[in-house]
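> Predicted model and sequence follow; I will ask about them next.
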Amino acid sequence: MKPDLNDRIQNSWDLTTRSLSAGTPTDDLLFLPYPYTVPCVSGMFQCLFYWDTYFANLGLLRSGRAAQAENNLRNFIYLIRTYGYIPNGSRKRYLSRSQPPFFGMMLRDVWETTRNADLLKEGIDALKRELDFWNTRRLSPNGLNRYSCEGDRSFYLSSLEKYERRTGVVRSGDREYLGMNAYAEAESGWDFCGRFGGLCHEYNPVDLNDLLWFDEQFVAEHTNGDEQKQFTERAQNRKETMLRLMRAETGVFCDYRYTVGKQSSFLSCAAFFPQFAGMVRDDGGIDVLLRALELPYGLQASEPTIGGTFQWGAGNGWPCLQYAAFLALQNCGRPADARRIAQKYVSMVETCERETGHLWEKYNVGTGTSDAVSEYGTPQMLGWTAGVYQALLPYAQKT
């Protein structure tokens, strides 16, 4: 009898573990002191990626591999100590940028599973340093944060060429500035998308600021005295600013273009993050998002755009966004909606795996097949696809 998909996933996680020793030539790879998890068994994405690993850890923790989840966390602590932040991935080419800051949530998950107090202490110290990175090198004048990157003119010009090649969008204006914005969008993890109109650096993204709110709140919970007070105030100030600048009359939280003082009206799964992170518990705006984004097989990354083709856009369902929306729905008292999203994702992944023999990086949630738009092909993936599957499977099976 063929093992079910969950069993096959559990037996496959070790195939994504890589390791380096101090004497190993790394070429483009950054040294990591502990075994680490890569998103794909073979082919693309053969390094430790930042936000991918949070979702892979969901599966590792549910597959009896808490030790490997701890290894991943320790590698991120090492990167923060070495560079002051977590790069997009553990390659030299990624040192120009970070990625959505899921380190705090990763630390919480590992702590709740292992109760390793020494690792928690190391993690809190590293998290405070990562927050320093975001609040110095990625701070906008209104006190909220933005995505950005570091590079020179040639780097930015080449990044704009990549953006144009992958999306089909040719933008007019200062090409160096537009290229810097393209790599800011790469730091967002949403490379590429219609959320920012090619000007990511000019926005306070709702998902980024919710993740940082979570981090500030989490540090406050695990410190004492003046430090606890400091981080509690920082989290409260961020929440108040987000409520004032980002929440529309519909209840939806919007990316905020701080350079012109205006909310974006563009709808995307990023708007689930206030409930996902637990910053708010009401369901304001949820119905608007479900009507705009839910398709027969799950949630598309965003509403359609006019012009250009973006893989973080209409039609494509990314596993990480299905999980964020699922947890947001759970947290705001919408269990039936959460279960429906879980069932759609689990069913789609199982059906595609039966038909193709593989899990995939992203899916077409209009047809239930492989992705609708791809800028570099669609790799076979364990990583966040499997981790989210294992996390949502128990809820999809409930009646």
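Everything's here; your move. Numbers count the residues shown, from 1 in each chain.

> Run through who's touching stretch 209-223.
Around stretch 209-223, the neighbours that count as contacts under C-beta atoms under 8 Å, 6 or more residues apart in numbering are 100-105, 107-108, 120, 124, 127-128, 130-131, 134, 144-145, 227-228, 231-232, 234-235, 238-239, 242, 246, 253, 273-274, 276-279. Every residue, glycine included, has its C-beta placed from N, CA and C.

> and these, which of them are in helices?
Among these, the ones falling in helices (DSSP state H) are 103-105, 107-108, 120, 124, 127-128, 130-131, 134, 227-228, 231-232, 234-235, 238-239, 242, 246, 273-274, 276-277.

> Among these, name the buried ones.
With burial judged by 16 or more other C-beta atoms under 10 Å, the buried subset of these is 103-105, 107-108, 120, 124, 127-128, 130-131, 134, 231-232, 234-235, 238-239, 242, 246, 273-274, 276-277.

> Does Leu95 touch Gly84 like I think?
No - if you go by C-beta atoms under 8 Å, Leu95 and Gly84 don't touch, sitting 10.8 Å apart.

> Any idea which helix or strand in this protein has the lowest mean pLDDT?
Least confident helix or strand, the chain: strand 369-370 with a mean of 90, by mean pLDDT, DSSP states H and E.

> Please name every helix or strand in contact with the helix or strand just after that one.
Using DSSP states H and E, the helix or strand that follows strand 369-370 in sequence is helix 383-396. With contacts defined as 3 or more C-beta pairs under 8 Å, 6 or more residues apart in numbering; DSSP states H and E, helix 383-396 has these neighbours: helix 5-10, helix 50-62, helix 319-331, helix 335-356.

> Met106: how many residues sit nearby?
24 (other C-beta atoms under 10 Å).

> In terms of pLDDT, where does the nearest residue to it once chain neighbours are set aside sit?
The shortest distance from Met106 to any residue other than its chain neighbours is 4.9 Å, reached at Tyr54 (C-beta to C-beta, 6 or more residues apart in numbering). You'll see Tyr54 listed with a pLDDT of 98.

> now swap in Gly308 and tell me
Listed pLDDT for Gly308 reads 84.

> go on, Leu299?
pLDDT at Leu299 comes out at 98.

> Tell me if I'm right that it and Ala342 touch.
No - at 11.4 Å, Leu299 and Ala342 do not qualify as touching, with contact defined as C-beta under 8 Å.

> Please tabulate the helices and strands packed on helix 383-396 in TSV, including the columns mean neighbour count.
Putting these into TSV (neighbours: other C-beta atoms under 10 Å) gives the following:
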stretch	mean neighbour count
helix 5-10	17
helix 50-62	25
helix 319-331	25
helix 335-356	18
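
> can you put those helices in a markdown table and add distance to Val365?
Output for those, formatted as a markdown table (distance: least, C-beta to C-beta, whole Å):
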| stretch | distance to Val365 |
| --- | --- |
| helix 5-10 | 19 |
| helix 50-62 | 17 |
| helix 319-331 | 9 |
| helix 335-356 | 7 |
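
> so which of these gets nearest Thr385?
helix 319-331 (4.8 Å; C-beta to C-beta).

> so for the closest one, what's the average pLDDT?
Mean pLDDT, helix 319-331: 98.

> try stretch 119-135
Across stretch 119-135, the average pLDDT comes to 98.

> Flag the shaky bits of the stretch 1-150 of the chain, pLDDT-wise.
Across the stretch 1-150 of the chain, the ranges flagged by pLDDT under 70 are 1-2, 22-25.
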